[in-house]
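Q: Sequence and computational prediction follow.
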Amino acid sequence: MNRPAPIHLHFATTEPEVGNEALQQVYARARMGRVTDPRSFRYSQDIHGDADLTLGRMHFHGTVAGHMIQEQAFSVIAPAAGSLRWQIDDRAGTGPNAFLLQPGQHYYGESEHLSVDSANLGSGALEEIARTVYGDEHLTIGFTAPHPVSAAMGAYWQATYWFVHEALTDPATAEIPLLRADLLRRLAVATLEAFPLAGDPQARRASVATRQAAYTQAVEFIHATLSLPITLEDVARHAGVSTIELTRAFRTHTGTTAGAYLRGLRLAAAHRDLVGANPAGGDTVKDIAARWGFAHPGDFARRHRQAYGVTPSHTLRH
């Protein structure tokens, strides 16, 4: 699946109306409605991500009131400095704790010298990940309250946010779609677990626990039998689940399939053998590829080139 193009928005202004235009690049239906002293006003934003996930920090210097209607994203707002009093529909809060804003909700806030960290998760992307994590293809995402389920889970979300933020602001990571997809998944899962998702949380957590056990057993079996001609059915049987559930377990924990995980390990093992091989002694690419389950040399060469940037024959010779 193609990932959307990366977004980078860096901006600062001392003009409230210009600040509103910049703010609306992040939240389309947002507006700073009252600035107590325009002479002391300053707004800045530093945003990274893409259409599925944007992270950023926004500064509102001065005393500012504002409102917005959330659209096609789930947003977690985490005050970092200054003061904020907020209301979402009929819920209200203050202080440094993170809170969640859902599509269709109305937000109003009053702040003073406020800095906030924000994470915007596209509703389609979050729902797709939730359906994979919880094994429910018909799950519709909704949360019952804007606050985390506990202080510990709020801290877990914040720690995940900073891990993802550090990686996403690294240009080398931000330009790689697969890495951005992994970061999206990490923060999406943290949001699903940290905030009170509607439905039966006990049933969902039991499902996650079952997948965790199946994933752990499958990984142990794969590593122990990597050089043997095992199939995905063998792995699923050892883990005590169907092949469909095995796929869901791997997608939940790695974002990929058990087959892709197995091929990746075998490719790495074949690469190690190529590096240590002795072509003068009769070692060949074909034999090494076959040893690790790659029956078609052309397919092996393509995968090796994608992973290591050179052909298997080049690795064998050097």
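A: Everything's here; your move. Not measured: the values here are computed from a predicted model. Numbers count the residues shown, from 1 in each chain.

Q: rest of the way, CA atoms for contacts and neighbours
A: Noted.

Q: In the chain, mark out all the strands, start to finish.
A: Applying DSSP state E to the chain gives strands spanning 7-13, 30-35, 42-49, 53-69, 73-88, 91-94, 99-101, 106-122.

Q: and residue 305, which of those strands is closest to it?
A: Checking the strands of the chain against residue 305 by CA to CA gives strand 42-49 as the closest, at 28.5 Å.

Q: Need the CA coordinates for the closest one. CSV is fine.
A: The C-alpha atoms that make up strand 42-49 are tabulated as CSV, following Å, rounded to 0.1, in the frame of the first residue of the first chain:
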residue,chain,number,x,y,z
ARG,A,42,2.8,35.2,18.8
TYR,A,43,1.9,31.9,17.2
SER,A,44,4.2,29.2,15.8
GLN,A,45,3.9,25.7,14.6
ASP,A,46,6.2,22.9,13.7
ILE,A,47,4.4,20.0,12.1
HIS,A,48,5.7,16.7,10.6
GLY,A,49,3.9,13.7,9.1
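
Q: how about the strands of the chain in CSV, adding mean neighbour count?
A: As requested, the strands of the chain are exported to CSV (neighbours: other CA atoms under 10 Å):
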stretch, mean neighbour count
strand 7-13, 14
strand 30-35, 18
strand 42-49, 20
strand 53-69, 21
strand 73-88, 20
strand 91-94, 14
strand 99-101, 22
strand 106-122, 21
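
Q: Can you give me every residue that contacts residue 261?
A: With contacts taken as CA atoms under 8 Å, 6 or more residues apart in numbering, residue 261 has no neighbouring residues.

Q: at 10 Å instead, please
A: Under the criterion of CA atoms under 10 Å, 6 or more residues apart in numbering, the neighbours of residue 261 are 219, 222, 250, 254, 255, 267.

Q: Just the pLDDT for the third one.
A: Residue 250 is assigned a pLDDT of 86 by the prediction.

Q: just checking, it touches residue 217?
A: No: with contact defined as CA atoms under 10 Å, residue 250 does not reach residue 217; the gap is 11.4 Å.

Q: These two - which one has more neighbours?
A: The neighbour comparison of residue 250 against residue 217 (other CA atoms under 10 Å) goes to residue 250, with 25 against 16.

Q: With residue 119 as the reference, measure out to the more buried one.
A: Using CA to CA, to the nearest Å, residue 250 is found at 25 Å from residue 119.

Q: domains of the chain?
A: For the chain, the domain assignment from automatic domain parsing gives the residue ranges 1-198, 260-317.

Q: chain center to the first one: distance?
A: The gap between the average C-alpha position of domain 1-198 and the chain average comes to 14 Å, counting by CA atoms, centre = their mean, to the nearest Å.

Q: what comes up buried for the longest helix anywhere in the chain?
A: In terms of residue count, the longest helix belonging to the chain (DSSP state H) is helix 201-224. Neighbour-count burial for helix 201-224, with 16 or more other CA atoms under 10 Å as criterion, is recorded at 204, 207, 208, 211, 212, 214, 215, 217, 218, 219, 221, 222.

Q: can you give me the helices in the stretch 101-250 of the chain?
A: Using DSSP state H, counting those that start in this stretch, the helices of the stretch 101-250 of the chain run over 123-134, 151-168, 171-174, 177-194, 201-224, 232-239, 243-254.

Q: Would you reformat those as TSV and include distance to residue 9?
A: Conversion of the helices of the stretch 101-250 of the chain to TSV gives the following (distance: least, CA to CA, whole Å):
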stretch	distance to residue 9
helix 123-134	21
helix 151-168	13
helix 171-174	13
helix 177-194	17
helix 201-224	36
helix 232-239	44
helix 243-254	30
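
Q: Out of those helices, flag the one nearest residue 60.
A: Taking CA to CA as the measure, the helices of the stretch 101-250 of the chain were each checked against residue 60, and helix 151-168 came out nearest at 20.4 Å.

Q: Show residues contacting the closest one.
A: When contacts are taken as CA under 10 Å, 6+ apart, the neighbours of helix 151-168 outside the stretch itself are 6, 48-49, 53-56, 76, 78, 97-99, 117-119, 147-148, 150, 173-176, 179-180, 182-195.

Q: What's the local residue count around residue 280?
A: Using other CA under 10 Å, residue 280 has 8 other residues around it.
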